[in-house]
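In: need the 3D shape of this:
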Amino acid sequence: MSDVTRRELLQALAAAIASAGTFDAIAAREAYRAVQQAASASGGRYAPQALTGHEFRTLERLTDLIVPPEGSRPGALQCEVPAWIDALLSVNGELKERYTKGLAWLDAAMKPRGAVDFVSASADEQTALLDRIAFQRNRSAELDPGIDFFILARRMTVDGFYTSPLGMRDVYPGNRPQAEFVVPQAAIDHVLGCSPLK
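Out: Numbers count the residues shown, from 1 in each chain. Alright, predicted model coming up:
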């Protein structure tokens, strides 16, 4: 796929997300290919294209709290969701602005709690703030910007997770070869219980 076509796909995907519309899962997977190519070009680790280093670290922590790893199952970080989001922000100014304002709001909301910013706050402080902005019932003049941002960030994190190659395996692990085939006893009983054909 050419870079122009890939960029057009990324722009269409970002525009659909920005307008809270439905998006094309194929375009979402193509965004992951763009992330992998960008990481390869910069020596194996993705370099943020839209966000600053601090904003990207904040996004990494936020997505990790939204979809954390569970046992052997991957989380948002392992699925490269922050890089996927950053790639979309790099082609859509409206989304980028919403993220830069939202990430700045998270930092500002931590200052009255004694932390320098969201990333440097304790895990308990981070989750306490997210617990407040995760619910529409908590709407107030103080929390509205955080709630609006969290709705967007949570949606994009989940969308990014479940369209990533690893996240898709979380939904459908695929067919697995078996060393031997064992006929379930219920199937044998059913077959033996049937009357012979005439």
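
In: what's the next secondary structure element after the helix or strand of the chain with the lowest mean pLDDT?
Out: Lowest by mean pLDDT, DSSP states H and E among the helices and strands of the chain is helix 3-18, with a mean of 58. Downstream of helix 3-18, the first helix or strand assigned by DSSP states H and E is helix 25-41.

In: return the set of buried residues in that following helix.
Out: Neighbour counts over helix 25-41 (16 or more other CB atoms under 10 Å) mark 27, 28, 29, 30, 31, 32, 34, 35, 38 as buried. (Each C-beta comes from the backbone N, C-alpha and C, glycine too.)

In: quick check: the fifth one touching residue 89?
Out: Meaning residue 31. No: with contact defined as CB atoms under 8 Å, residue 31 does not count as touching residue 89 (11.1 Å).

In: show residues contacting the longest helix anywhere in the chain.
Out: Secondary structure assigned by DSSP state H gives helix 144-163 as the longest helix of the chain. Applying CB atoms under 8 Å, 6 or more residues apart in numbering, the contact partners of helix 144-163 are 17, 20, 23, 25, 28-29, 32, 59, 62-63, 66-67, 75-76, 79, 81, 84-85, 88, 98-99, 101-103, 105-106, 109, 129-130, 132-136, 138-139, 167-168, 170-171.

In: rerun that using 6 Å as the cut-off
Out: 25, 28-29, 62-63, 66-67, 76, 79, 81, 84-85, 102, 105, 133, 167 (CB atoms under 6 Å, 6 or more residues apart in numbering).
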